[in-house]
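Q: any chance you could fold what I've pasted below:
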Amino acid sequence: MSGYDVAVVGSGVVGLGAALAAHRRGLRVVVLERGSEPSGASIRNFGHLCFTPQHGAARELALASREVWLRLARDADVWLRESGTLVAARHDDELEVLAELAALRGDDEVVLLDEHDAAARIPLAPGTAVGGAFLPRDLQASPRQALGAIAGHLEREGVEFRRRTAVGRVGSGRVETSRGPIDAGEIVVAVNHDLDQLFPDLAEERGIVRCALDMLRVDAGLAAPLAAPVLTGWSLVRYGAFAATEAARRLRERLHAERPDLAALDLNQMYTQLPDGSLIVGDTHFRGATVAPFQSEAAFEALLAEAGSFFGVPRPRVIERWQGVYASGPEEFLVERPEPGVHLAAATTGIGMTCGLGLAERVVGRALESPEPAPAPAPIPVHR
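A: As a prediction, this is how the structure comes out:
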């Protein structure tokens, strides 16, 4: 059976979101994955679903994604923690960024913390924080568990998966694969940084390159578990809602002047704790059309040193280290229709897990010119 209503190329978070959106509309869907399982950006991240720090179009897609994630916690047994996000401010200028965003959003989204509150909520080295913030609407997933759970749910629901199936060409109504052609009314291409393998001219025209990250999973021996993902001042100059504040400009100048070594790594110093107690530590950023697989130990040493200083612990024991990767471009998202019935969708910055499900819903809805089906009214239990 080669005819489908929708074919999805790629089974990362955007691809799975597209399959979910099409399936919920009662369509026959096939998902094509070149590997035996996903191995790209969607499993190499923190699992931090950071909705509040988004700005503009990303905020709209993030809030749409949040509703889908909550449904998946119920329907697909995705491990999801309604944790919020904690931000540790180590300097007054970081507090100014948080206060500016709190004034814009209100305390239902940004709860400011004083020095004592921050120390009570985050197991920091004594005297580290002068204050901070709690962002209650954010969530946390475990990427390696989440993608398998979503795919398994879709398969049980009747979505067909063809794994170890490479795609060579995509055109209106047909996908040419290593296992033969597949015909479909609509085709969603969600291959993130590998967009240039299928649409090289378009990727070059849109300035899409790869961003490589240095990341670690460690046993840090923290004084207490992390109640939520933790951001730092380096995060405040990256995420759109923080970076849009006037105070963030001054913060960036100070951070780069004081620590040019960390600025050269394009650091986002943040931490999430997995269900087994291990800590994800990261991350650095390097962009290029091709990123070398060779990672400098100096970057890992810097990440470990900062983690030890931040939490006041000896050098954390490394369990795993890896190179993250995602598509990077001048805009936060790429949505294109290069041919009738062919739709390209990618988060072209590091917010795919946060915004990808909402992005997929929008792309599929527009492709089919149909609204999202009404959600089921059942309560949605999540892990806390």
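Q: what is the helix or strand where Arg169 lies packed up against?
A: Taking DSSP states H and E as the criterion, Arg169 maps to strand 167-171. The helices and strands touching strand 167-171, judged by 3 or more Cβ pairs under 8 Å, 6 or more residues apart in numbering; DSSP states H and E, are strand 174-177, helix 195-198. For every residue, glycine as well, the C-beta is placed using N, CA and C.
Q: which parts of the helix or strand just after the first one count as buried, going by neighbours?
A: Past strand 174-177, further along toward the C-terminus, the next helix or strand under DSSP H and E is strand 180-189. Neighbour counts over strand 180-189 (16 or more other Cβ atoms under 10 Å) mark Ile182, Ala184, Gly185, Glu186, Ile187, Val188, Val189 as buried.
Q: ok, stretch 351-359 next?
A: Ile351, Gly352, Met353, Thr354, Cys355, Gly356, Leu357, Gly358, Leu359.
Q: in stretch 288-303, what counts as buried?
A: Neighbour count says stretch 288-303 has Val291, Gln295, Ala299, Phe300, Ala302, Leu303 buried, by 16+ other Cβ under 10 Å.
Q: in helices, which of the residues you listed fall?
A: Judged by DSSP state H, the subset of those located in helices is Ala299, Phe300, Ala302, Leu303.
Q: now, which of these sits nearest Ala223?
A: Leu303 (19.7 Å; Cβ to Cβ).
Q: pretty sure that closest one contacts Val281?
A: Yes - counting by Cβ atoms under 8 Å, Leu303 touches Val281, with 5.3 Å between them.
Q: one step back: between the helices and strands packed on strand 167-171, which gets nearest to Leu139?
A: helix 195-198 (27.4 Å).
Q: distance from the chain centre to that closest one, please.
A: Relative to its chain's centre, helix 195-198 lies at 21 Å (Cα atoms, centre = their mean, to the nearest Å).
Q: alpha carbons only: can I get whichever helix or strand comes after it in CSV?
A: Per DSSP H and E, the first helix or strand lying C-terminal to helix 195-198 is helix 200-205. Taking Å, rounded to 0.1, in the frame of the first residue of the first chain, the C-alpha atoms of helix 200-205 are listed here in CSV:
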residue,chain,number,x,y,z
PRO,A,200,20.5,22.3,-0.8
ASP,A,201,19.8,25.5,-2.7
LEU,A,202,17.0,26.5,-0.4
ALA,A,203,19.1,25.9,2.7
GLU,A,204,21.9,28.0,1.3
GLU,A,205,19.5,30.8,0.3
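Q: quick check: buried residues in helix 200-205?
A: Residues of helix 200-205 classed as buried: Ala203 (neighbour count, 16+ other Cβ under 10 Å).
Q: just to revisit the earlier point, tilt between the strand holding Arg169 and strand 180-189?
A: In terms of direction (axes from the mean of the first three to the mean of the last three Cα atoms, to 10 degrees), strand 167-171 departs from strand 180-189 by 70 degrees.
Q: for strand 167-171, which residues meet the burial criterion?
A: Val167, Val170.
Q: which stretches of the stretch 251-384 of the chain form helices?
A: 260-264, 297-311, 352-368 (DSSP state H, counting those that start in this stretch).
Q: need those in JSON lines (columns: mean pLDDT).
A: Formatted as JSON lines, these follow (pLDDT from 0 to 100):
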{"stretch": "helix 260-264", "mean pLDDT": "97"}
{"stretch": "helix 297-311", "mean pLDDT": "97"}
{"stretch": "helix 352-368", "mean pLDDT": "96"}
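Q: out of the ones you listed, which comes closest to Asp276?
A: Comparing the helices of the stretch 251-384 of the chain under Cβ to Cβ, the one sitting nearest is helix 297-311, at 17.5 Å.
Q: and the closest one, how far out from the chain's middle?
A: Offset of helix 297-311 from its chain centre (Cα atoms, centre = their mean): 22 Å.
Q: send the alpha carbons of that helix over as PDB?
A: Only the C-alpha atoms of helix 297-311 are listed here, as PDB (Å, rounded to 0.1, in the frame of the first residue of the first chain):
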ATOM      1  CA  GLU A 297      38.500  18.800  25.900                       C
ATOM      2  CA  ALA A 298      38.900  22.500  26.900                       C
ATOM      3  CA  ALA A 299      35.200  23.100  26.400                       C
ATOM      4  CA  PHE A 300      34.300  20.100  28.600                       C
ATOM      5  CA  GLU A 301      36.800  21.300  31.200                       C
ATOM      6  CA  ALA A 302      35.200  24.700  31.300                       C
ATOM      7  CA  LEU A 303      31.700  23.200  31.600                       C
ATOM      8  CA  LEU A 304      32.800  21.000  34.500                       C
ATOM      9  CA  ALA A 305      34.700  23.800  36.300                       C
ATOM     10  CA  GLU A 306      31.600  26.100  36.100                       C
ATOM     11  CA  ALA A 307      29.300  23.400  37.400                       C
ATOM     12  CA  GLY A 308      31.600  22.700  40.300                       C
ATOM     13  CA  SER A 309      31.900  26.300  41.200                       C
ATOM     14  CA  PHE A 310      28.100  27.000  40.700                       C
ATOM     15  CA  PHE A 311      27.000  24.100  43.000                       C
END
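Q: related to what we said a few turns ago, just so I know, which of the helices of the stretch 251-384 of the chain lies nearest Glu332?
A: helix 352-368 (7.9 Å).
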